[in-house]
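[1] below: sequence and its predicted model.
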Amino acid sequence: MMEPAPLRLINTEDGAAASEPPEPKVFTRTISAPPGAPWEQRKAATLEARIGAPLPLRELEFQVVRMDRWRPGQASKFAAFYVRTRDVGRRFSAEAIVDGQPVEAVFVGRGERASAARKTAIFAAAAVGGLALGAISLTVALSARHGAEAQLEELERLVRQKAALARAAEAERREAKALDQAGMAGRSLYGYLTDLDWASAAKTPTARIDAIHWDRGAIAVEARGDDPPFAEQGRHLTRMDKPLRPHVWLWGVGPGSPQAASTALNAPTVSDSRGG
Amino acid sequence: MAANGSVNVARGGFLAGIAVILGVASFVALVQLATPANFSERRDKIGAEIESARERLRSGRTTIHYARSAVCNIPAQVAADDLRDRVKSAAATSGLSISGIVATASPPGEDAQILNTATFQFEANGRLDQVISVLRTLAEGTPTIFVDTADLQSHVTDVNLKLTGRVFCAVHVQS
């Protein structure tokens, strides 16, 4: 059971100078809280102090101060301090001798509490703002990293493509050079067909051709009769000194122009102007 | 009061300094966070590869008078087998009679640094237009067929063609 002690008025005017403003009147009482957890004892003492207030609570400020150390299974003693709200001012510290021991209670005025609450609110807002700014900065940084990473990967992909293209062009050039060195220029099947087309177009109406020999780009034609089998059409004809067989002569045909060789049959060639 | 004010000014200055240091550190950390991993190395590598590719392409400005797929990228023996199939297929399509078809991969010589060779020969009998048709079909395929010798003999109504030639394959492709 709670054991409220009778209210007692602390004489705060002892020794005070007459010119100083009168000290606020502070009432004290002792409250005994039953055994329990420390916070439960404080809660019970606060409730008892609230119930046993000498004036309506809206006119009062009160503090509950523990007077002894908490021990498990033992009741505790609290001192309740009461002071009129209007007497507190900004901050007021009251000391009293309760049950023979000095006890101090600090009262903070409502204005002071509001100011502290404002400061706390400002600090909390600043903390929330800082956290939000940090979160936004982090998001922006991660987004920028993601974007830069994507651009870098795209660039690396393009560079790989370009490097592959350059390697292919280099290999093609090397192979073309090797083909030239092997004497393959003008010796594709297209080249042979171009020569056959030329022979067909240049053949004279009276020519009787027995055979066309083609050896690495050189053309020799077996034709009957003494007359040239071809109207020259850009190629030089040479007859052998003696006939191969009676009335059959071997004619040598000079090379045609390079353009004729590549365009007569529309052969697909690569005019390579890659670079840069 | 004055002493109290100077204490507050010093405390404010100290807090401002801490705030500036924290701000700079945060900025540096965010810049680091916003930068992809190994950014400098990757950027330098990209630059070097671009320059290398540009140099290769610049030195390759030349005119090449061969088809783009003139050289095959398969082993020469495979190319020889393919060539035999191409000749047979083209002859069958045109109804041309083909005989003595041989296609073999030549052993790579000591100087074959870039190209290997598959040689072939065959003999065809038929009308001239059939022979020309088969040759055109073969000429349109890849790799490019190069002719060594071609003897075209005219008979009464038909012609006889004896053709020898070769195709080339890149040396780096070996079975």
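    Perfect, thanks for sending it.
[2] so residue B:35 sits right up against residue A:147, yeah?
    No: taking Cβ atoms under 8 Å as the definition, residue B:35 is not a contact partner of residue A:147, at 11.4 Å. Where you see a C-beta, it was placed from the backbone N, CA and C, and this is true even at glycine.
[3] who has more neighbours out of those two?
    residue B:35 (15 against 12; other Cβ atoms under 10 Å in any protein chain shown).
[4] from residue B:100, how far off is that one?
    Plainly put, residue B:35 is 70 Å away from residue B:100 if you go by Cβ to Cβ, to the nearest Å.
[5] again with residue B:71
    Residue B:71 sits 26 Å away from residue B:100 when distances are taken as Cβ to Cβ.
[6] same thing with residue A:120?
    Counting by Cβ to Cβ - residue A:120 and residue B:100 are separated by 105 Å.
[7] can you give me the strands for the stretch 101-250 of chain A?
    Secondary structure of the stretch 101-250 of chain A (DSSP state E, counting those that start in this stretch): strands at A:101-108, A:208-215, A:218-224, A:237-239, A:248-253.
[8] let's have those in JSON lines, adding mean neighbour count.
    Rendered in JSON lines, the data for these read as follows (neighbours: other Cβ atoms under 10 Å in any protein chain shown):
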{"stretch": "strand A:101-108", "mean neighbour count": "15"}
{"stretch": "strand A:208-215", "mean neighbour count": "18"}
{"stretch": "strand A:218-224", "mean neighbour count": "19"}
{"stretch": "strand A:237-239", "mean neighbour count": "14"}
{"stretch": "strand A:248-253", "mean neighbour count": "18"}
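[9] in TSV: these, plus mean pLDDT.
    Below are those laid out as TSV (pLDDT from 0 to 100):
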stretch	mean pLDDT
strand A:101-108	89
strand A:208-215	92
strand A:218-224	91
strand A:237-239	88
strand A:248-253	90
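[10] between the ones you listed, which gets nearest to residue A:131?
    Distance to residue A:131, taken as Cβ to Cβ, is lowest for strand A:101-108 among the strands of the stretch 101-250 of chain A, at 29.4 Å.
[11] any idea which helix or strand in chain B has the lowest mean pLDDT?
    Every helix and strand in chain B was compared by mean pLDDT, DSSP states H and E; the lowest is helix B:2-34, with a mean of 83.
[12] same for that one, what does it pack against?
    The criterion is 3 or more Cβ pairs under 8 Å, 6 or more residues apart in numbering or on different chains; DSSP states H and E, and the helices and strands that helix B:2-34 contacts are helix A:110-181.
[13] how big is the angle separating the helix it packs on from strand A:101-108?
    60 degrees (axes from the mean of the first three to the mean of the last three Cα atoms, to 10 degrees).
[14] what pLDDT, on average, does helix A:110-181 get?
    In this model, helix A:110-181 carries a mean pLDDT of 90.
[15] domains in chain B, as residue ranges please.
    B:2-59, B:71-170 (automatic domain parsing).
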